[in-house]
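**Student:** okay, predicted coordinates and the sequence, questions at the end:
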Amino acid sequence: MISLRQGPFDPWKEIEAYQDIAFGHKGTFGATASFVGTMRNFNEGDRVCRMNLEHYPGMTEKHLEQIVAEARRRWDMLDALVIHRVGTIAPDEPIVLVAVWSVHRGAAFDACRYVMEELKSRAPFWKKELLAGGGDRWVEANTNGYQQF
Amino acid sequence: MTIHVRYFASLREQFGCAEEQLSVDGIETVADVWSRVTEGQSVSAGSVLYAVNMAYAEADTSVDDGDEVAFFPPVTGGAN
């Protein structure tokens, strides 16, 4: 399931609720992998007090659906839950949740990471940071999660 | 023909609007739309991405009457 949210969400409660209520795979899954992205209060040496997340209604949902569909083709996954915030976000609030259920851990780990990395490179979202010292700026480019540090 | 043009993020700010209807002839590609909307505007084409009817497109992708053409900067969703 894909969901865009205007307000804060609790990723752990969302996983629990999805697994308990909306999910048709009880007893068949052996692995759940999840990734939660949370807003930091700093970026590139500056304090950030708020962030505004813009998206392209229609295109954003369509691309998230395509990414999950592609993950289903590549891995033996049972289900996925993707929740992404839009609008104004404060530090410590979750921005994104990707959760994947599968029979074995390999598919869950790999598909979860694939969905997250593809989301960052293809889904139309744009972040604008409001700096604690005043002013704002667009985040220009996304990082590569596979980069070695 | 009529093209529904949309702008997002920093490009929306540079154009000063989120969308506009372009009613002109002689447009065949995304690049034609871009040159038409940037006429007389000081908009930097830096790294602009294109979409036609909500699918990623290239500068030479053809456009038809009634299409929605969007221009936007590189995407920055998710969390770092």
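**Tutor:** Now that the structure is in, tell me what you want to look at.
**Student:** so the spatially closest residue to residue A:120 that is not a sequence neighbour, which of the three states?
**Tutor:** Among residues not flanking residue A:120 along the chain, residue B:78 sits closest, at 4.1 Å (Cβ to Cβ, 6 or more residues apart in numbering or on different chains). In this view, the C-beta of every residue, glycine as well, is placed from N, C-alpha and C. Assigned by DSSP: H, G, I helix; E, B strand; the rest coil, the conformation of residue B:78 is coil.
**Student:** state the distance from residue B:78 to residue B:52.
**Tutor:** 24 Å (Cβ to Cβ, to the nearest Å).
**Student:** what's the answer for residue A:42, then?
**Tutor:** Residue A:42 is 38 Å from residue B:52, by Cβ to Cβ.
**Student:** so between these two, which is more surrounded?
**Tutor:** Taking neighbours as other Cβ atoms under 10 Å in any protein chain shown, residue A:42 and residue B:52 compare with residue B:52 leading, 20 against 11.
**Student:** returning to what we had before: next up, the contacts around the residue nearest to residue A:120.
**Tutor:** A:37, A:84, A:95, A:96, A:116, A:119, A:120, A:123, A:125, A:142 (Cβ atoms under 8 Å, 6 or more residues apart in numbering or on different chains).
**Student:** tell me the gap between the helix or strand harbouring the first one and the middle of its chain.
**Tutor:** Residue A:37 is part of strand A:31-38 when elements are defined by DSSP states H and E. Chain-centre distance of strand A:31-38: 9 Å, with Cα atoms, centre = their mean, to the nearest Å.
**Student:** all strands for chain B, in order.
**Tutor:** B:2-7, B:19-23, B:49-52, B:55-57, B:68-72 (DSSP state E).
**Student:** what are the pairing partners of the second one, and which direction each?
**Tutor:** What it means is strand B:19-23. The pairing partners recorded for strand B:19-23 under DSSP bridges are strand B:2-7 (antiparallel).
**Student:** repeat for the last one
**Tutor:** Using DSSP bridges, the strands paired with strand B:68-72 are strand B:2-7 (parallel), strand B:49-52 (antiparallel).
**Student:** one step back: of the strands of chain B, flag the one that's most buried.
**Tutor:** strand B:68-72 (a mean of 22; mean count of other Cβ atoms under 10 Å in any protein chain shown).
**Student:** quick revisit: which other helices and strands does whatever helix or strand comes next after the strand holding residue A:37 contact?
**Tutor:** Remark: after strand A:31-38, the chain's next helix or strand is strand A:42-43, criterion DSSP H and E. If contacts are counted by 3 or more Cβ pairs under 8 Å, 6 or more residues apart in numbering or on different chains; DSSP states H and E, strand A:42-43 sits against no helix or strand.
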